[in-house]
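Colleague: mind folding the following:
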Amino acid sequence: MEYSRLDIKFAALADPTRRAILARLARGEASVQELCEPFALSQPAISKHLKVLEHAGLIEAGQSAQRRPRRLKIEALDDVAEWMNAVHDHWAESFDRLDAFLKSNTDKGTETP
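Modeller: Model (predicted):
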C-alpha cells in the first residue's frame with residue numbers, strides 16, 4: 001500500500017463538502033451544476049473541491065456532448081477501506097487482550113486463600 005496516495009485520499013475525505021459530493025456521486029454521475037445545487041457555494045468553489053477529489057483519484061470526469069459529468073471511482077476507496085480494516089482489527093485485538101488481562105486480574109483479586 002502506497003502511503004502517499006493514501007494520505008492524499010484521506011486529505012480529500014477530511015472535508016465534509018467533499019464527502020457530501022462523494023455521497024451524491026455514489027447515487028450516479030452528476031454535472032458540476034447539479035453538484036452545486038445542495039450547497040451554498042459558488043461553482044468555482046465546487047470546482048476546486050472536484051479537482052481535489054480528482055487528484056486523489058476518487059472521481060473522474062466523463063464526456064457527454066457538452067457536459068463533463070463526474071462519477072465516483074468506487075475502486076479508489078479499496079485501499080482506504082483496507083487500511084481502516086487493518087487498524088480496526090489491530091485495536092479490536094488489543095482491546096480483547098486488555099479485557100482478558102483485566103478479567104484475569106479481577107478474578108485473582110476475588111479469590112480467598
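Colleague: how about the contacts made by the nearest residue to A61 once chain neighbours are set aside?
Modeller: Spatial nearest neighbour of A61, chain neighbours left out: R68 (4.7 Å); criterion: Cβ to Cβ, 6 or more residues apart in numbering. C-beta coordinates here come from the backbone N, C-alpha and C atoms, glycine included. The contact partners of R68, by Cβ atoms under 8 Å, 6 or more residues apart in numbering, come to S31, V32, A61, G62.
Colleague: and which of those is nearest S47?
Modeller: Nearest to S47 out of the contacts of R68 is V32 (Cβ to Cβ; 6.2 Å).
Colleague: what's the neighbour count on the closest one?
Modeller: Neighbourhood size, V32 [other Cβ atoms under 10 Å]: 16.
Colleague: and it, what is it in contact with?
Modeller: Going by Cβ under 8 Å, 6+ apart, V32 touches Q43, I46, S47, L50, R68, R70.
Colleague: can you give me the helices in this structure?
Modeller: Along the chain, the stretches classed as helices by DSSP state H are 3-13, 16-25, 32-36, 43-55, 78-110.
Colleague: let me have those helices in CSV, adding mean pLDDT as columns.
Modeller: Converted to CSV, the helices of the chain look like this (pLDDT from 0 to 100):
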stretch, mean pLDDT
helix 3-13, 91
helix 16-25, 97
helix 32-36, 92
helix 43-55, 95
helix 78-110, 82
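Colleague: find the residue at the geometric middle of the chain.
Modeller: Residue closest to the mean C-alpha point of the chain, counted by Cα atoms, centre = their mean, is L13 at 5.1 Å.
Colleague: hmm, it is touching V80, no?
Modeller: Yes: in terms of Cβ atoms under 8 Å, L13 counts as a neighbour of V80; the distance is 7.3 Å.
Colleague: from A26, how far out is R67?
Modeller: Counting by Cβ to Cβ, to the nearest Å, the gap from R67 to A26 is 19 Å.
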